[in-house]
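Asker: Could you work out the structure for the sequence below:
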Amino acid sequence: MMNSSTDQATHVSLVGSLPATSLTICSRGRPKLLLETVESVLQGDEVPSEIVIVDQSKDRHPQLETMKTNRACEVRYLWDYSVGVSRARNISIAAAQYDVLALIDDDMFVAPTWFESLIRALIDAGTHAVVTGQVRPTEAEIPGGFAPSTKLDEVPATYTGRVKADVLFTGNMAMYRAAINDIGAFDERLGVGARFPAAYDNDFGFRLLEAGYKIIYVPQAMVYHRAWRTKRDYPRLRWNYGRGRAAFYAKHLSLRDRYMLSRMAVDFKSHFSLLLQHMRHERYRVFSDAMYTLGFLSGVAEWLLTQRRTD
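Answerer: Numbering: from 1, shown residues only. Reported below is the predicted structural model:
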């Protein structure tokens with residue numbers, strides 16, 4: 001059921017077309033992957049009205065800075081000295097011209113129908129919803145290559161309230177700008193490049209659900225996360241994930257509400273149990289497990305000691 005005149009106007013505008021949409025992509029130090037991601041979007045059945053690129057790389061991207069396309073899509077390239085994916089997300093959203101926003105990462109290929117599936121699902125869901133889609137890994141692009149974040153479920157789902165899981169994939173999502181105005185921007189203390197280098201998406205999704213938003217998973221809105229990272233990257237990623245996730249938990253800890261304390265305890269217990277199990281049977285995995293556990297302890301302690309609660 002449509003619950004506002006804004007929803008009605010949006011639905012009218014969809015007769016035969018999609019609404020004006022800004023797609024934002026943030027990048028740092030991956031010029032080839034970034035270019036191929038943009039080209040993948042431009043080859044889709046439908047394209048956004050604009051692609052806003054925030055590039056935090058050391059050098060400007062000569063092709064994207066001057067890119068023109070014969071599609072009905074403007075490519076806007078912003079070179080920025082800042083560091084951190086959350087900061088870049090916020091810059092790109094502030095620069096976007098339109099109030100329907102889509103986000104992907106800089107190391108993805110998109111399915112031809114991805115954009116249309118994502119945006120139509122958002123319009124159908126209304127302004128108090130955020131849509132996220134399927135994230136599949138590509139074949140390894142190098143020996144032992146892997147993609148760290150994937151979502152392979154084939155069944156659509158709608159999440160509301162406290163689901164005791166992280167269900168938003170910011171590398172494949174769409175929302176109205178009103179959501180940002182409502183719950184605030186991405187927390188720039190969290191995410192790659194920040195002091196606590198992960199879980200900015202977990203934090204944003206949790207805040208959406210706490211504010212009464214629905215997070216809708218649409219498997220038809222499919223992207224492919226490229227498997228370009230090496231096995232040597234894995235321990236560092238585990239450390240980053242541990243620090244970031246623990247900081248996210250610590251941010252929302254409350255003596256009056258034990259929900260996040262419970263989630264944090266379950267997470268730590270499950271990963272520590274894996275560490276002990278692998279010490280007995282799969283010792284080659286122990287180092288990565290230990291990195292997550294140590295990162296977790298480091299992240300929660302540092303957050304509680306250094307970050308003032310603001311929400």
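
Asker: what residues go with each domain of the chain?
Answerer: Here the domain parsing of the chain from automatic domain parsing is 5-229, 232-306.

Asker: Using CSV, please lay out those together with mean neighbour count and mean pLDDT.
Answerer: Yep, even glycine has a C-beta here, placed from its N, CA and C like the rest. Listed next are the domains of the chain as CSV, based on neighbours: other CB atoms under 10 Å; pLDDT from 0 to 100:
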stretch, mean neighbour count, mean pLDDT
domain 5-229, 18, 94
domain 232-306, 17, 89
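
Asker: Residue 253 against residue 263, yeah?
Answerer: No - contact status for residue 253 versus residue 263: not in contact, 9.8 Å apart, counting by CB atoms under 8 Å.

Asker: for the longest helix anywhere in the chain, packing partners?
Answerer: Assignment by DSSP state H gives helix 259-281 as the longest helix of the chain. In terms of contacts (3 or more CB pairs under 8 Å, 6 or more residues apart in numbering; DSSP states H and E), helix 259-281 is packed against helix 234-251, helix 286-306.

Asker: What helices and strands are in contact with the first one?
Answerer: Applying 3+ CB pairs under 8 Å, 6+ apart, one finds that helix 234-251 makes contact with helix 200-210, helix 259-281, helix 286-306.

Asker: okay, the angle between the shortest one and helix 234-251?
Answerer: Using axes from the mean of the first three to the mean of the last three CA atoms, to 10 degrees, the inter-axis angle of helix 200-210 relative to helix 234-251 is 30 degrees.

Asker: Same question for the last one.
Answerer: Between the direction of helix 286-306 and that of helix 234-251, the angle (the same axes, to 10 degrees) works out to 30 degrees.

Asker: I'd like to know which elements helix 286-306 is packed against.
Answerer: With contacts taken as 3+ CB pairs under 8 Å, 6+ apart, helix 286-306 sits against helix 234-251, helix 259-281.

Asker: nearest to residue 96, of the ones you listed?
Answerer: Ranking the helices and strands packed on helix 286-306 by their distance to residue 96 (criterion: CB to CB) puts helix 234-251 first, at 25.4 Å.

Asker: How far off centre is that closest one?
Answerer: The chain centre lies 15 Å from the centre of helix 234-251; the measure is CA atoms, centre = their mean, to the nearest Å.

Asker: cool, stretch 177-196 as well?
Answerer: So, by CA atoms, centre = their mean, the centroid of stretch 177-196 is 11 Å from its chain's centroid.

Asker: Just the endpoints, please. Distance across it?
Answerer: Using CA to CA, to the nearest Å, the end-to-end distance of stretch 177-196 comes to 26 Å.

Asker: do stretch 112-132 as well
Answerer: End to end - CA to CA - stretch 112-132 spans 16 Å.

Asker: Check stretch 279-288 too.
Answerer: 11 Å.

Asker: Touching, residue 71 and residue 47? I think so.
Answerer: Yes - applying CB under 8 Å, one finds residue 71 in contact with residue 47, separated by 4.8 Å.

Asker: need the contact list for the residue lying closest to residue 161 once chain neighbours are set aside.
Answerer: Leaving aside its chain neighbours, residue 161 sits nearest to residue 209 (6.2 Å; criterion: CB to CB, 6 or more residues apart in numbering). By CB atoms under 8 Å, 6 or more residues apart in numbering, the contact set of residue 209 is 159, 160, 161, 162, 163, 215.

Asker: wait, isn't the fourth one in contact with residue 259?
Answerer: Yes - at 6.0 Å, residue 162 counts as touching residue 259 under the criterion of CB under 8 Å.

Asker: Pull the contacting residues for residue 164.
Answerer: Here residue 164 is in contact with 263, 266 (CB under 8 Å, 6+ apart).

Asker: how about it, secondary structure?
Answerer: Three-state assignment for residue 164 (DSSP: H, G, I helix; E, B strand; the rest coil): coil.

Asker: Got phi/psi on it?
Answerer: phi 60, psi 30 (degrees, to the nearest 10).

Asker: Could you report the separation of it from residue 210?
Answerer: Separation of residue 164 from residue 210 (CB to CB, to the nearest Å) stands at 13 Å.

Asker: List the contacts of the nearest residue to residue 191 once chain neighbours are set aside.
Answerer: Nearest non-adjacent residue to residue 191, counting by CB to CB, 6+ apart: residue 200, 3.4 Å away. Going by CB under 8 Å, 6+ apart, residue 200 touches 85, 86, 89, 170, 186, 187, 190, 191, 194, 244.

Asker: Validate this expectation: the second one resides in a helix.
Answerer: Yes - the assignment for residue 86 by three-state DSSP puts it in a helix.

Asker: That one is in contact with residue 187, isn't it?
Answerer: Yes - counting by CB under 8 Å, residue 86 does reach residue 187; the two are 6.1 Å apart.

Asker: Let's have the helices and strands packed on helix 286-306 in a markdown table, adding distance to residue 80.
Answerer: Listed next are the helices and strands packed on helix 286-306 as a markdown table, based on distance: least, CB to CB, whole Å:
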| stretch | distance to residue 80 |
| --- | --- |
| helix 234-251 | 22 |
| helix 259-281 | 32 |
